[in-house]
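1. Show me the folded form of this:
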Amino acid sequence: MSTPRSGLGCGAAPTAFGFALRDTPVSSDPAAVERLVVATGFFRPSEVAIARELVEDSLARGPEASGYHFVLADDARGLAGYVCFGPIAGTESSFDLYWIAVRPDRGGRGLGTALLAAAEARIAAAGGRRVYVETSTTERYAPTRAFYAARGYRLEATLPDFYAPGDGKAFFVKVLGGCEVPPCGSVRS
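-> Numbers count the residues shown, from 1 in each chain. Here you go, the predicted model:
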């Protein structure tokens, strides 16, 4: 199975958008990620705890052992956004995009797109071919689903009532390298 190599990615130089990207979490990041995820107003307390735990696990065991890789964006106010991704065990080249979150005051200005592109570049450099994303099917998450669709992710499946009654799970996939993904429900050869 292919996994990301350590040291992939960029340094901490600021971008034209006023943030600097980095790949390595630091000791202050579990609390910063928790604050950021809470600030979005989208996640339940149990989900917030998971977001923090993934950073803690990566810090404790490293990205290779934990399977959790990050791109974090900092600005003058601290953590502005982040993405967490990792290889899917038992696959040759598939990755999960576990989390992507942007501080509300930075939303709508390209940071989410930049983080997603940075994660995809790292996944591709590590030999990743497919990126899978799971998100809610509720109306509240319609902008999230539209975000992925606008960036080449295709809805592959839904599971009704997965998270809670009336709150299903939507699975999106993107094949890296420009190959088209067949539409949901199509026959594959």
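2. Thr24: what's its closest spatial neighbour, skipping adjacent residues?
-> Phe70 (7.5 Å; CB to CB, 6 or more residues apart in numbering). The C-beta positions use only the backbone N, C-alpha and C, and glycine is treated the same way.
3. And for the one you found, the neighbour number?
-> Phe70: 27 surrounding residues under other CB atoms under 10 Å.
4. so what strands line up beside the host helix or strand of it?
-> Using DSSP states H and E, Phe70 sits in strand 69-75. Here strand 69-75 is paired, per DSSP bridges, with strand 20-22 (antiparallel), strand 78-87 (antiparallel).
5. now could you export just the CA positions of the last one as PDB?
-> By that I understand strand 78-87. Taking C-alpha atoms only, strand 78-87 is exported to PDB below (Å, rounded to 0.1, in the frame of the first residue of the first chain):
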ATOM      1  CA  GLY A  78      -3.500  31.600  14.500                       C
ATOM      2  CA  LEU A  79      -4.900  28.500  12.900                       C
ATOM      3  CA  ALA A  80      -7.200  29.600  10.000                       C
ATOM      4  CA  GLY A  81      -8.000  26.200   8.600                       C
ATOM      5  CA  TYR A  82      -6.800  22.600   8.200                       C
ATOM      6  CA  VAL A  83      -7.300  19.400   6.300                       C
ATOM      7  CA  CYS A  84      -6.700  15.900   7.600                       C
ATOM      8  CA  PHE A  85      -6.400  12.900   5.300                       C
ATOM      9  CA  GLY A  86      -4.800   9.400   5.200                       C
ATOM     10  CA  PRO A  87      -4.500   6.200   3.300                       C
END
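6. Please state the offset of that strand from the chain centre?
-> With CA atoms, centre = their mean, to the nearest Å as the basis, strand 78-87 stands 6 Å off its chain's centre.
7. Could you identify the helix or strand that succeeds it?
-> Next element after strand 78-87 (DSSP H and E): strand 94-102.
8. Parallel or antiparallel, which strands does that next one pair with?
-> Strand pairing (DSSP bridges) places strand 94-102 next to strand 78-87 (antiparallel), strand 130-136 (parallel).
9. Extract the C-alpha trace of whichever helix or strand comes after that strand and format it as PDB.
-> The C-terminal neighbour of strand 94-102 among helices and strands, as given by DSSP H and E, is helix 111-125. The C-alpha coordinates for helix 111-125 follow below in PDB (Å, rounded to 0.1, in the frame of the first residue of the first chain):
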ATOM      1  CA  LEU A 111      -8.800  28.900   1.900                       C
ATOM      2  CA  GLY A 112     -10.900  25.700   1.800                       C
ATOM      3  CA  THR A 113     -10.000  25.200  -1.900                       C
ATOM      4  CA  ALA A 114      -6.300  25.800  -1.200                       C
ATOM      5  CA  LEU A 115      -6.300  23.300   1.600                       C
ATOM      6  CA  LEU A 116      -8.100  20.700  -0.500                       C
ATOM      7  CA  ALA A 117      -5.700  21.200  -3.400                       C
ATOM      8  CA  ALA A 118      -2.800  20.900  -1.100                       C
ATOM      9  CA  ALA A 119      -4.100  17.600   0.300                       C
ATOM     10  CA  GLU A 120      -4.800  16.300  -3.200                       C
ATOM     11  CA  ALA A 121      -1.200  17.200  -4.300                       C
ATOM     12  CA  ARG A 122       0.300  15.400  -1.300                       C
ATOM     13  CA  ILE A 123      -2.000  12.400  -1.900                       C
ATOM     14  CA  ALA A 124      -1.000  12.200  -5.600                       C
ATOM     15  CA  ALA A 125       2.700  12.600  -4.700                       C
END
